[in-house]
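# All I have is the shape, not the residue letters:
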């Protein structure tokens, strides 16, 4: 497994999420348009307001995913000696990718846990190098490899 492969897998997952959100926004916009055409009183105003709240939530999620994608594309496929933003690393327990928090990515029969640089466990790993021990929530992680 290479960092380039995990970068591509993360980008694919983010773009898929963005596409899904775009589709949901399209459906919400159509529903708002249809509610605007129906002017039968309070019932339609309440429905329209609910659609608008959903629209705002989806727009917020869309913006968050776009920011994550923008951060992701800035990551260079370069080796690191210490763990920091953009680092793919293996411990005695798991593979981690310190970049964007999009959950677990399965790649070549391996699971990689993606983390935000602000996640509590990520803060423990930042600055560490191969051989270092990190303790988090009563678990001990020994850093085996940094890519």
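Sure, I can see it. This structure is a prediction, so every number in the text was calculated from the model and none was measured.

# how about the nearest residue to the residue nearest the centre of the chain, chain neighbours excluded?
Nearest to the geometric centre of the chain sits residue 102, at 2.7 Å (C-alpha atoms, centre = their mean). Using C-beta to C-beta, 6 or more residues apart in numbering and skipping residues adjacent in sequence, the residue nearest residue 102 is residue 114, 5.0 Å away. Where C-beta positions appear, they are placed from N, C-alpha and C, glycine not excepted.

# name the element that neighbour belongs to?
Assessed by DSSP states H and E, residue 114 sits inside strand 110-116.

# Pull out the buried positions in that strand.
Of all the residues in strand 110-116, those buried under the rule 16 or more other C-beta atoms under 10 Å are 112, 113, 114, 115, 116.

# these two touch, right, the second one and residue 93?
Read it as residue 113. No - counting by C-beta atoms under 8 Å, residue 93 is not a contact partner of residue 113; they are 9.8 Å apart.

# re the thing from before, between the buried residues of strand 110-116, which is nearest residue 13?
Of all those, residue 13 sits closest to residue 114, with 8.8 Å by C-beta to C-beta.

# This completes my enquiry, with thanks.
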